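*Asks:* predicted coordinates and the sequence they were generated for:
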Amino acid sequence: MAKNVITIPATKSRYTAAPLSSKRKRRVAAYARVSTDHEDQQSSYEAQVDYYTRYIKSRDDWEFVSIYTDEGISATNTKKREGFKTMIADALAGKIDLIVTKSVSRFARNTVDSLTTVRKLKDEGIEIYFEKENIWTLDSKGELLITIMSSLAQEESRSISENVTWGQRKRMADGKVSFAYSRFLGLEKDKETGKIVVNPEQAKIVRLIFKLFLEGMTPHSIAAELTNRGIKTPGGKDVWNRQTVRRILSNEKYKGDALLQKTYTVDFLQKKLKRNEGEVPQFYVEGNHEAIISPEVFDMVQAEIARRTSGGERYSGVSIFSNKIKCADCGGWYGAKVWHSTDRYRKVIYRCNRKYKDGKCQTSHVTEDEVKAAFVSAYNRLVTEKKEIISNAETIRSALCSTDTLQDEKRKLEDEMSVIVEMTQHIVAENARVAQDQDEYQKRYDGLVQRYEAAKARYDEVVSAISAKQAQDERLSDFIKMLKSQDSVLLEFDSGLWGCMVEYVRVGRNKEITVTFRDGTEVRA
């Protein structure tokens, strides 16, 4: 007996579960986006919004919901696309049946984001129509086409990102400097010439910060001082913080130079910035613009930063005597201690911080008045013998601060590293073109890398030595200049002279105090 097969036609949509005979209009929204804020993109953005508004309303079977937009936002991820996220939330809340957009690349240039969103909406029976590619996502071929088109769009985005990165690095290699002028204190861009120029009023603040630091204050206390004086931060805020001060103290742009590519983008999808620790090339431009701080003072500050962070002890800049008083027994620093803190006999003294830690220090405590008196006494003895002291300081400066030999070595190392880089690039290119013994190639390559690393290590040592000598030269120069300007003895303590002329004072067991000046001269008070 022959089988008889009867077909029962579908009565509901397998995607939306709506009856096929239903006359209910589909609720339709559109998504429009342009990726920059440039004026030439503005017309594109407005045109998209106008076009889709009229397009949806012209269909009798569609009900207009809204136009969701993102202006000046990249499509490589959806984290910052507020319009996009609102649209998806409304769709999942049952307010939208169909989303219309111009193309896959307008929707997303990230394959993962695109497919994840399409599948999430598809599970809820919500369809997306990509007009340019004529793709309906509820169609059986929709996901395959979406995968292909999204991958192409992502590859296009990667290519554009790499081209932009190459262009930026080429500008850096050519010494073209650019930075966020609006949040930079003391330097700005001239509107007529486009060059970096000094803002005189803001430059005074920068010089004050460097001066206070060299006088012994910490970034934290400098920040508090600037806040108390009512000085605005680079960002226009009323309250300073120590990180801002630290960044100013260590920014090479204040001495007229510029280090480029301090950070780099890890990948074009995430747009995450990472501090450059040698992963990509950096470019150092010397003498790029007018300096606010002399290179010698800047190097002196860097040396002082290194000194304060070395030695394993926390630097204190609470007062001008912090980290300026040394113990003659152990070489440690004296710290401020308060006696009778709660009664009328309250007194601040300075005592070796290690006195009761190992029991070896037998040195006495001192008061601020005793230190001040010792400085005045030592300084007055220095002034009476200033001709001899100045002569000795100039001899020391000439003998110890010359960098001519180191500068020659620095130039030779730069040339050597440049040659090694060219040789490395040559053998890599040759290996790509010509078949050769890979073990032999690897030996040659490793040998060049080792030569470069050895030259770079020595180069860093030379640069550090040059900076140290230049900082020492500046300190001695300031010392000599200050001493030459003093024609009379001191009658009372001068904090300015203390800050710029004294390296430290050393306290002995019987309160004998020896003052060491910045030229190395020691005077027992």
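*Replies:* Happy to help now that I have it.
*Asks:* going by C-alpha atoms from here, please, whenever you check contacts or count neighbours.
*Replies:* Will do.
*Asks:* surely Leu490 meets Phe375?
*Replies:* No - using CA atoms under 8 Å as the test, Leu490 is too far from Phe375 to be in contact (9.7 Å).
*Asks:* which one of those two is surrounded by more residues?
*Replies:* Phe375 (28 against 14; other CA atoms under 10 Å).
*Asks:* gap between the one helix or strand the more buried one maps to and the chain center?
*Replies:* Following DSSP states H and E, the helix or strand that holds Phe375 is helix 368-384. How far helix 368-384 lies from its chain's middle: 43 Å, per CA atoms, centre = their mean, to the nearest Å.
*Asks:* touching, Ile349 and His365? I think so.
*Replies:* Yes - Ile349 lies in contact with His365 (CA under 8 Å); the separation is 6.6 Å.
*Asks:* circling back: using CSV, list the CA coordinates for the helix holding Phe375.
*Replies:* The C-alpha coordinates for helix 368-384 follow below in CSV (Å, rounded to 0.1, in the frame of the first residue of the first chain):
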residue,chain,number,x,y,z
GLU,A,368,67.0,73.9,65.3
ASP,A,369,68.6,76.9,67.1
GLU,A,370,71.9,75.0,67.6
VAL,A,371,72.0,74.0,63.9
LYS,A,372,71.2,77.5,62.8
ALA,A,373,73.9,78.9,65.0
ALA,A,374,76.4,76.4,63.7
PHE,A,375,75.6,77.3,60.1
VAL,A,376,75.9,81.0,60.7
SER,A,377,79.3,80.4,62.4
ALA,A,378,80.6,78.1,59.6
TYR,A,379,79.3,80.4,56.9
ASN,A,380,81.0,83.5,58.3
ARG,A,381,84.3,81.6,58.5
LEU,A,382,83.7,80.6,54.9
VAL,A,383,83.1,84.2,53.8
THR,A,384,86.3,85.4,55.5
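*Asks:* quick check: what element follows that helix along the chain?
*Replies:* Taking DSSP H and E, what comes next after helix 368-384 is helix 386-400.
*Asks:* what lies in contact with that next one?
*Replies:* 382, 469, 473, 476, 480, 483-484, 519, 521 (CA atoms under 8 Å, 6 or more residues apart in numbering).
*Asks:* farthest-apart pair in these, please.
*Replies:* Leu382 and Lys469 (24.4 Å; CA to CA).
*Asks:* next secondary structure element downstream of the helix ranked longest in the chain?
*Replies:* Under DSSP state H, the helix in the chain containing the largest number of residues is helix 438-485. With elements assigned by DSSP H and E, the helix or strand that comes after helix 438-485 is helix 495-501.
*Asks:* list the helices and strands that next one packs on?
*Replies:* If contacts are counted by 3 or more CA pairs under 8 Å, 6 or more residues apart in numbering; DSSP states H and E, helix 495-501 sits against helix 438-485.
*Asks:* and the helix it packs on, average pLDDT?
*Replies:* What helix 438-485 shows for mean pLDDT is 84.
*Asks:* for the longest helix of the chain, which helices and strands make contact with it?
*Replies:* The contact analysis (3+ CA pairs under 8 Å, 6+ apart) places helix 438-485 against helix 295-309, helix 386-400, helix 404-433, helix 495-501.
*Asks:* picking up where we left off before, for the contacts of helix 386-400, give me a markdown table that also has neighbour count and distance to Glu71.
*Replies:* Shown next, in a markdown table, are the contacts of helix 386-400 (neighbours: other CA atoms under 10 Å; distance: CA to CA, whole Å):
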| residue | neighbour count | distance to Glu71 |
| --- | --- | --- |
| Leu382 | 20 | 70 |
| Lys469 | 21 | 54 |
| Asp473 | 23 | 55 |
| Leu476 | 23 | 58 |
| Ile480 | 20 | 61 |
| Leu483 | 19 | 63 |
| Lys484 | 13 | 64 |
| Asp519 | 24 | 62 |
| Thr521 | 14 | 67 |
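*Asks:* pick the one among those residues closest to Leu406.
*Replies:* Closest approach between these and Leu406, by CA to CA: Lys469, at 10.0 Å.
*Asks:* could you measure from Ser485 over to Ile390?
*Replies:* Look at Ser485 and Ile390: by CA to CA, to the nearest Å, they are 11 Å apart.
*Asks:* neighbour count for these two, which is higher?
*Replies:* A count of neighbours by other CA under 10 Å puts Ile390 above the other of Ser485 and Ile390, at 20 against 8.
*Asks:* stretch 51-58: which residues count as buried?
*Replies:* Within stretch 51-58, the residues that qualify as buried are 52-53, 56, counting by 16 or more other CA atoms under 10 Å.
*Asks:* quick one: the residue lying closest to Asp61 once chain neighbours are set aside and Lys122, what's the gap?
*Replies:* Residue nearest to Asp61 in three dimensions, not counting chain neighbours: Lys25, with 4.9 Å by CA to CA, 6 or more residues apart in numbering. With distances taken as CA to CA, Lys25 is found 19 Å from Lys122.
*Asks:* burial count for Cys361?
*Replies:* With other CA under 10 Å as criterion, Cys361 counts 20.
*Asks:* go on, Arg475?
*Replies:* 20.
*Asks:* verify the stated contact: it with Phe298.
*Replies:* No - judged on CA under 8 Å, Arg475 makes no contact with Phe298 at a distance of 11.4 Å.
*Asks:* in the host helix or strand of Leu212, which residues are buried?
*Replies:* Following DSSP H and E, one finds Leu212 within helix 200-214. For helix 200-214, burial by neighbour count (16+ other CA under 10 Å) applies to 202-203, 205-207, 209-214.
*Asks:* okay, the angle between it and helix 295-309?
*Replies:* Orientation check (axes from the mean of the first three to the mean of the last three CA atoms, to 10 degrees): helix 200-214 against helix 295-309 gives 40 degrees.
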